[in-house]
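> Attaching a predicted model along with its sequence, questions to come.
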Amino acid sequence: MTLDYLRFIAPVGIGVAYALLMSLIREPHRRRVNALTIAGAGATYFSGGGLGAWELAFGALLVYVAYRGLESWTFVGIGWLLHTAWDVVHHLNGHPILPFAHDSSLGCAICDPVIALWCFGGGRSPRELFRRTKRPAGIREQMARS
């Protein structure tokens, strides 16, 4: 029973770990590395993905999205969501990303939206995220008086 939950929770943890590790790269390189990662994600099913020429079409689509992602976190996030959809198709068709791990595409489909959310938020590091979170002026004044 616990292992059933783990196959859904672990991919979320992997997505968070991915975002944290990528946060170590300074901007604008962080966005560009993530765009290149999307281009690579488009090719993950090329060798035996099971959907024939559609694999090449999807790969070409993600190369375009990755190119746009070089200058836009939104496109990087879109790329992760497109890859999520492709993972679902592969999971339902029984052609997992890792042939020896039946639920690997399902795990990827759970992990990818976590990364996409981080991208839609601007791919900020925890430090950048907390630095931009400012308290309203009234709270600052109350804290200064005490």
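Good, I have the coordinates.
> For the residue nearest the centre of the chain, give me the pLDDT.
The residue lying closest to the centre of the chain (CA atoms, centre = their mean) is residue 115, at 2.7 Å. Listed pLDDT for residue 115 reads 97.
> what about it, helix or strand, and which?
helix 104-120 (DSSP states H and E).
> Are there helices or strands packed against that helix, and which ones?
If you count contacts as 3 or more CB pairs under 8 Å, 6 or more residues apart in numbering; DSSP states H and E, helix 104-120 packs onto helix 2-22, helix 73-93. No exception for glycine: its C-beta is placed from N, CA and C like everyone else's.
> Lowest mean pLDDT across these, which one is that?
With a mean of 89, helix 2-22 has the lowest mean pLDDT of the helices and strands packed on helix 104-120.
> Spit out the contact partners of the residue nearest to the centre of the chain.
By CB atoms under 8 Å, 6 or more residues apart in numbering, residue 115 lies in contact with 15, 18-19, 80.
> Roughly how far does it sit from residue 72?
According to CB to CB, to the nearest Å, residue 115 and residue 72 sit 15 Å apart.
> What values do phi and psi take at the closest residue in space to residue 33 that isn't next to it in sequence?
Closest residue to residue 33 apart from its sequence neighbours, by CB to CB, 6 or more residues apart in numbering: residue 25 at 5.7 Å. Main-chain dihedrals, residue 25, degrees, to the nearest 10: phi -90, psi 130.
> Need the pLDDT of residue 25.
According to the prediction, residue 25 has pLDDT 96.
> Touching, it and residue 32? I think so.
No. Using CB atoms under 8 Å, residue 25 is not in contact with residue 32, being 9.0 Å away.
> What is the burial count for the residue nearest to residue 33?
Neighbour count for residue 25, taken as other CB atoms under 10 Å: 15.
> Can you report how many residues neighbour residue 70?
Residue 70 has 16 neighbours, counted by other CB under 10 Å.
> what about it, distance to residue 109?
From residue 70 to residue 109 the distance is 25 Å (CB to CB).
> Ok, residue 117 next?
For residue 117 relative to residue 109 (CB to CB), the value is 14 Å.
> neighbour count winner among the two?
residue 109 (22 against 14).
> Count residues in the vicinity of the nearest residue to that one once chain neighbours are set aside, would you?
Leaving aside its chain neighbours, residue 109 sits nearest to residue 87 (3.8 Å; criterion: CB to CB, 6+ apart). Per other CB under 10 Å, the neighbour tally for residue 87 reads 24.
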